[in-house]
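Enquirer: Just need the structure, nothing else, for what follows:
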Amino acid sequence: MENLFSRYDPHRGRILISEALDIANKSFQIASQIALIEFDDLINEIIIKSDFKSSDEKYLLKMSLANYFGLSLVMPYDEFKSSAVELRYDLEILSARFSTNIEPVSYTHLTLPTICSV
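Expert: Numbering: from 1, shown residues only. Got it, this is the predicted structure:
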């Protein structure tokens, strides 16, 4: 399997998810796979416009964009921002509210000022 956590099987029209993942990581993997399925043309267009030459760099960009989409689907930024303020940036409570782990909550919290200023 190209990605050890999930992959899309186009012949069956199914997203295959590792059974070893908890529910929060399964949700994130499904959201990231949705990006790869539904926005593949847009992602590839971004990759073509990039300066990346090697297939490893292009693959990393593709997975990063899909994961960024997945994260924003699981934790919409406006909702996350208002919840973060309401909960006084308590990462554990934010994790519970968005049914995810502390790692993606921490990442979103750190990037929030950049995202909200765009």
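Enquirer: As a check, name the ranges of all helices in this protein.
Expert: Counting by DSSP state H, residue ranges of the helices within the chain are 23-38, 40-49, 55-74, 77-86, 91-97, 102-116.
Enquirer: Deepest in the core, which of those is it.
Expert: Between those, helix 23-38 has the highest mean count of neighbours, a mean of 18, where neighbours are mean count of other CB atoms under 10 Å. For every residue, glycine as well, the C-beta is placed using N, CA and C.
Enquirer: sorry, back to before: now for the helices of the chain, which one comes closest to Asp9?
Expert: Taking CB to CB as the criterion, helix 23-38 is the member of these that comes nearest to Asp9, at 10.4 Å.
Enquirer: So for that closest one, mean pLDDT?
Expert: Helix 23-38 shows a mean pLDDT of 94 in the predicted model.
Enquirer: can I get the helices of the chain in CSV with distance to Gly13?
Expert: What follows is these, written out as CSV (distance: least, CB to CB, whole Å):
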stretch, distance to Gly13
helix 23-38, 10
helix 40-49, 15
helix 55-74, 18
helix 77-86, 30
helix 91-97, 32
helix 102-116, 27
